[in-house]
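1. next input, structure requested:
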Amino acid sequence: MTRKQFSAEFKREAVRLLETSKKQPSDLARELGVRRNQLYLWKDQLSRRGNQTFPGWGHRLESSDEVTRPHQELVKVKEERDILKKAAAYFAKDLK
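-> Numbering: from 1, shown residues only. Presented below is the predicted three-dimensional model:
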């Protein structure tokens with residue numbers, strides 16, 4: 001089994017989602033296809049080194065722009081859906 005390699009952009013985006021998303025870190029990690037502790041490691045590396053983080057040649061083998069862009073859109077749409085569900089339940093409660 002070969003190790004997955006991820007691009008610097010993918011890692012930075014994963015850390016951004018970890019910090020800004022209302023999802024549980026384990027759910028986010030599952031959606032991104034990484035381990036939860038890997039997200040925390042990337043976050044720690046980024047906070048310590050800033051823009052110098054992830055200088056290597058790493059790239060996600062099965063992930064190109066064709067895959068990551070729709071995946072990122074899917075994550076965003078799911079978050080929006082969850083917000084709309086909560087809003088609908090809140091307003092439906094007032095109608096009763």
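
2. stretch 16-31: end-to-end distance?
-> Criterion Cα to Cα, to the nearest Å; first-to-last residue distance in stretch 16-31 is 14 Å.

3. chain center to it: distance?
-> Computed by Cα atoms, centre = their mean, to the nearest Å, the chain-centroid distance of stretch 16-31 equals 5 Å.

4. how about stretch 35-53?
-> In terms of Cα atoms, centre = their mean, the gap separating the centre of stretch 35-53 from the centre of its chain is 13 Å.

5. and for stretch 27-39?
-> In this view, stretch 27-39 has its centroid 8 Å away from the chain centroid, taken as Cα atoms, centre = their mean.

6. what does that stretch contact?
-> The contact list for stretch 27-39 (Cβ atoms under 8 Å, 6 or more residues apart in numbering) reads 4, 6, 14-15, 17-18, 21, 23, 25-26, 71, 75. For every residue, glycine as well, the C-beta is placed using N, CA and C.

7. go again with 10 Å.
-> The contact list for stretch 27-39 (Cβ atoms under 10 Å, 6 or more residues apart in numbering) reads 4, 6, 10-11, 13-15, 17-19, 21-26, 40-42, 60, 62-63, 68, 71-72, 74-75, 78.

8. need phi/psi at V34.
-> phi -130, psi 170 (degrees, to the nearest 10).

9. I'd assumed T68 was in contact with S7.
-> Yes: in this structure S7 lies within contact range of T68 using Cβ atoms under 10 Å: 8.5 Å.

10. which residues touch N51?
-> Contacts of N51 by Cβ under 10 Å, 6+ apart are 8, 12.
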